[in-house]
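>>> Build me a structure from this.
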Amino acid sequence: MEPQPPHTSTNASSRTPGSSTLGVVRRLTWTFILLFLTLTVIIAIAWNVMDPHKTHFRVSSISVSNFTVSDSELKGMFEVELNITNPNKKIEMIVDRFSVSVFYGSVGLSGAIVLQPIYLKKSSDQDVKIKFSLRNSSTKSAYKAVSHGLVNDWNKGIVNFDVKMLARIVFEAGIWPSREKFLDIYCGNLDVGFVPIKDMGKLLGIGKECHAES
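Below is the predicted model:
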């Protein structure tokens, strides 16, 4: 009987290190996934406990100068003063990507973008002034639809404007990752008086609170 060649386990032994490495990689991958999910849940719970309140916006004043309006022309300079408040005792805020527009009815007359971020410490507020010119060149067709009413209101001495804003709010609280929210802000029924000087207007009353939605 011929002797049989010795049995070798070369293939089995060559596969063992690879299988072991693959198992380690899988375990590490699942560990990182579980760690990430755990941290995400912890951060979500922490922010829910802190319960950040929305930023408060208020139109404090509106000033209009060199105002000229007719059936075909609109010119003037607007200055809108806002008071922005952070009502949170444990959270700081940053307001950026902030745009402000003035409307008459459904027609946007003009607006501006605030380039400098606004920093609000805990339980603090800040006044912000935005200046921009009013020109109807970019909204000529829409302006024609409301020009008659605007001219009539101006001749009567009181024009009702709306101020609309868009902003990104970044919440910051110590070591926790920041959270952001985009707000659509509306400040309606702002009566501006143009008496006794017809080309200059001021907001009537003491200002008005704005409504913000995310």
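>>> use CA for all of it now, contacts and neighbours both
Fine.
>>> and the nearest residue to residue 100 once chain neighbours are set aside, what are its bridge partners?
The shortest distance from residue 100 to any non-neighbouring residue, by C-alpha to C-alpha, 6 or more residues apart in numbering, is to residue 165 (4.6 Å). Beta-bridge pairing for residue 165 (DSSP bridges): residue 100, residue 185.
>>> ok, now residue 85?
In this structure, residue 85 bridges to residue 56, residue 125 when assessed by DSSP bridges.
>>> isn't it right up against residue 59?
No - counting by C-alpha atoms under 8 Å, residue 85 does not reach residue 59; the two are 11.7 Å apart.
>>> Can you give me the distance of the residue nearest to residue 100 to residue 80?
Residue 165 sits 12 Å away from residue 80, taking C-alpha to C-alpha, to the nearest Å as the criterion.
>>> now residue 173
Computed as C-alpha to C-alpha, the residue 173 to residue 80 distance reads 30 Å.
>>> returning to that earlier point: for the residue nearest to residue 100, what are its contacts?
Residues in contact with residue 165 (C-alpha atoms under 8 Å, 6 or more residues apart in numbering) are 98, 99, 100, 101, 184, 185, 186.
>>> quick one on the thing from earlier: ok, residue 173 and residue 80, which is more surrounded?
residue 80 (20 against 16; other C-alpha atoms under 10 Å).
>>> neighbours of residue 54, just the number please.
Counted with other C-alpha under 10 Å, residue 54 comes out at 18.
>>> Please report phi then psi for it.
The phi/psi pair for residue 54 (degrees, to the nearest 10) reads phi -60, psi 150.
>>> Check residue 146 too.
Torsion angles, degrees, to the nearest 10, at residue 146: phi -120, psi 0.
>>> What of residue 115?
Dihedral angles phi and psi of residue 115 (degrees, to the nearest 10) take the values phi -80, psi -30.
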